[in-house]
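In: turn this into a model:
(3 chains)
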Amino acid sequence: MSLNSIFQYFVPKDKKVFFPLFEQAATNVVAMANKLVEAVNTVNPEAREEMYAQIDKLENIGDEITHQIYLELSKNFITPFDREDIAQLASAIDDVADYINGSAGRMLLYKVDNITDSIKKLSDMVLDGSIVMEKAIKELSDMNNVRSIADSCVRINSIENQADDVFDRAVADLFLYEKDAIKLIKYKEVLANLETATDKCEDVANVLETILVKNA
Amino acid sequence: MSLNSIFQYFVPKDKKVFFPLFEQAATNVVAMANKLVEAVNTVNPEAREEMYAQIDKLENIGDEITHQIYLELSKNFITPFDREDIAQLASAIDDVADYINGSAGRMLLYKVDNITDSIKKLSDMVLDGSIVMEKAIKELSDMNNVRSIADSCVRINSIENQADDVFDRAVADLFLYEKDAIKLIKYKEVLANLETATDKCEDVANVLETILVKNA
Amino acid sequence: MSLNSIFQYFVPKDKKVFFPLFEQAATNVVAMANKLVEAVNTVNPEAREEMYAQIDKLENIGDEITHQIYLELSKNFITPFDREDIAQLASAIDDVADYINGSAGRMLLYKVDNITDSIKKLSDMVLDGSIVMEKAIKELSDMNNVRSIADSCVRINSIENQADDVFDRAVADLFLYEKDAIKLIKYKEVLANLETATDKCEDVANVLETILVKNA
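Out: This is a model prediction of the structure:
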């Protein structure tokens, strides 16, 4: 227990600074994931490249929000929950954004023009995970929502498990059927980035669960 | 020094919660490593697949133990040593388990049927490192064991160095002799996962050394 | 705010232990980066291998300095800035060293004899980033240097962005022109290690910025 936790008992928690920033960060991730799903379902390669560029711009915005959270953390003596949990939550949301952008960036860089079903499926799962994550984070400012936040965490874990299975199946198929090693490397990396994005949603869920246990 | 460390001076340390969980986690890793060595020395591919499935099940059990440690950490005001060291120790042991399972999972996924000498050697080293790690963790509840724990840490570091050499040699050989790029990718990843498992044993040793210095 | 931060107000900060160690660690990284640039510009393969071996030796020295910082952190009640920032700064500098050595080690292991322009460019950037990092760390002992340290952090971020672009361009070219998958794997890994070394310089800059905000 930190000094901070002790002060919490007699100083009103200032939620006004951190919660809006977390919501902005989560909403930004959902915008990125939406753009990703749009991109992998677009038949026009030029339109798709434009969407990848938009994802990259959104990722920069996300970086600024994360930076802002760290700045506030350095300046604020009183925080709505433990300092290390705030830092980890910010970092975990930022990681989801990084891996969404990493997936898009690799498809652009490697000129992946044949968007496979596995890529589409995993992109959908990244979007699903991001939406549930945003919902949970919006509810975080009110500890009456504990039940609902916990449910969201369970759903995120379940999405991650499904993404694992899709990834394993897709990579096994690559090794079975893709005889061009360079193509195999490209697709494997794109799939791994998408799957890791759902892992990072699960990391967000883990931080949320820690916060619930400490504050419930 | 945390508030927690100060309270340690006048509140009896409750070791009953954390030490049994750490021992369970370490013993579970040894069970996984034993099963891995058994699998890579089995000639029957079906029996081997069954062992990989058992490793995966053990990894789930390990996840639950780790989760339990975090839960206890959230609930307990007094801990036997610094909170961040408990969290890092739990996470480091969990990482060893993850990489053992990752090695097995890749051999299964990539249908690696030709188990090379390097894979067998590295699997043996993962088991050696896990056994020494388990020994050190069992001794952690009694600070009279400082000398013996420190010796175990030195042994783990030495195992990791040897694993590094085996890995480097094996990968250099792959690049020299393996002309099939797809096979090269498969074997390189399996070897890297095994070698990283010994790195993670070393991370456990590093956390143990930190705990010794603080509490000796 | 930690207990430690409160004690800072009435206990003289002991800077004599940590700052010299951080400077040694940073100077050691610059020595490694210098040796790397020398190696990739050497035409004699044997001389180059000798330089890689020297980089590896320097990395061991760096490990010892890092270990020393952790030891001091465990022993000292009073630290010149927050304990977690000291640990993170030490770890971030160590990571730069690891990736410089990782780059050299892979070129050695994979027998990369054709040193491309991208490898040379990225090595130069690793050296630039390391030099600016060393400058910032040397200035850290005097909080009158805040402006100058902040400028160095901006420069490190800018170097990292440029390294990103060089890396992306080089990898896109590999996928366009390199038809030998095994060569592609080798070069891609070397480039990735070099680029990650500049990422790790940026991590150092991020820790420095956190320290500035807290202590300015």
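In: CA atoms for contacts and neighbours, from now on please.
Out: Fine.
In: may I ask which helix or strand of chain A has the lowest mean pLDDT?
Out: Here the helix or strand of chain A ranked lowest by mean pLDDT, DSSP states H and E is helix A:3-7, holding a mean of 46.
In: next helix or strand past that helix?
Out: Using DSSP states H and E, the helix or strand that follows helix A:3-7 in sequence is helix A:18-40.
In: packing partners of that next one?
Out: For helix A:18-40, the packing partners by 3 or more Cα pairs under 8 Å, 6 or more residues apart in numbering or on different chains; DSSP states H and E come out as helix A:45-75, helix A:83-109, helix A:117-139.
In: dump those into TSV; add mean neighbour count, mean pLDDT and distance to chain B as well.
Out: Listed next are the helices and strands packed on helix A:18-40 as TSV, based on neighbours: other Cα atoms under 10 Å in any protein chain shown; pLDDT from 0 to 100; distance: least, Cα to the nearest Cα, whole Å:
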stretch	mean neighbour count	mean pLDDT	distance to chain B
helix A:45-75	18	94	18
helix A:83-109	22	94	10
helix A:117-139	23	98	16
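In: let me have these in a markdown table, extended by distance to chain C.
Out: What follows is these, written out as a markdown table (distance: least, Cα to the nearest Cα, whole Å):
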| stretch | distance to chain C |
| --- | --- |
| helix A:45-75 | 6 |
| helix A:83-109 | 6 |
| helix A:117-139 | 20 |
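In: relative to C:Leu176, which of those helices is closest?
Out: The closest of these to C:Leu176 is helix A:83-109. By Cα to Cα, the value is 10.0 Å.
In: tell me the angle that closest one makes with helix A:117-139.
Out: Orientation check (axes from the mean of the first three to the mean of the last three Cα atoms, to 10 degrees): helix A:83-109 against helix A:117-139 gives 150 degrees.
In: report the angle between helix A:83-109 and helix A:45-75.
Out: Note on geometry: by the same axes, to 10 degrees, helix A:83-109 and helix A:45-75 are set 160 degrees apart in direction.
In: returning to what we had before: export the helices and strands packed on helix A:18-40 as JSON lines, with columns for distance to C:Ile211.
Out: Below are these laid out as JSON lines (distance: least, Cα to Cα, whole Å):
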{"stretch": "helix A:45-75", "distance to C:Ile211": "9"}
{"stretch": "helix A:83-109", "distance to C:Ile211": "15"}
{"stretch": "helix A:117-139", "distance to C:Ile211": "28"}
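In: contacting residues around A:Thr18?
Out: Quick fix: residue A:18 is Phe, not Thr. Contact partners of A:Phe18, counting by Cα atoms under 8 Å, 6 or more residues apart in numbering or on different chains, are A:Ile69, A:Glu72, A:Pro80.
In: likewise A:Glu134?
Out: Applying Cα under 8 Å, 6+ apart, we find A:Glu134 in contact with A:Glu23, A:Ala26, A:Thr27, A:Val30.
In: most neighbours among those residues, please name it.
Out: Among the contacts of A:Glu134, A:Ala26 has the most neighbours (other Cα atoms under 10 Å in any protein chain shown), with 27 neighbours.
In: and what about A:Asp113, helix, strand or coil?
Out: Look at A:Asp113: counting by DSSP: H, G, I helix; E, B strand; the rest coil, its state is coil.
In: contacts for stretch A:49-58?
Out: In contact with stretch A:49-58 (Cα under 8 Å, 6+ apart) are residues A:Asn28, A:Ala31, A:Met32, A:Lys35, A:Leu36, A:Glu38, A:Ala39, A:Asn101, A:Ala104, A:Gly105, A:Leu108.
In: so what's the third one closest to, chain neighbours aside?
Out: Take A:Met32 and drop its neighbours on the chain: the residue closest to it by Cα to Cα, 6 or more residues apart in numbering or on different chains is A:Ile55, 5.4 Å away.
In: against B:Ile100, how distant is the one you found?
Out: The gap separating A:Ile55 from B:Ile100 is 35 Å, by Cα to Cα, to the nearest Å.
In: and A:Ala31, by the same measure?
Out: Distance, A:Ala31 to B:Ile100, using Cα to Cα: 36 Å.
In: now do the buried residues in the helix or strand where A:Arg155 lies.
Out: Using DSSP H and E, A:Arg155 falls within helix A:146-177. Of all the residues in helix A:146-177, those buried under the rule 16 or more other Cα atoms under 10 Å in any protein chain shown are A:146, A:149-150, A:152-157, A:159-164, A:166-168, A:170-172, A:174-175.
In: quick check: angle from the helix or strand following that helix to helix B:45-75?
Out: Next helix or strand after helix A:146-177 toward the C-terminus (DSSP H and E): helix A:181-215. Interaxial angle, helix A:181-215 versus helix B:45-75 (the same axes, to 10 degrees): 30 degrees.
In: name the helices or strands packed onto helix A:181-215?
Out: When contacts are defined as 3+ Cα pairs under 8 Å, 6+ apart, helix A:181-215 sits against helix A:83-109, helix A:117-139, helix A:146-177, helix B:45-75, helix B:181-215, helix C:181-215.
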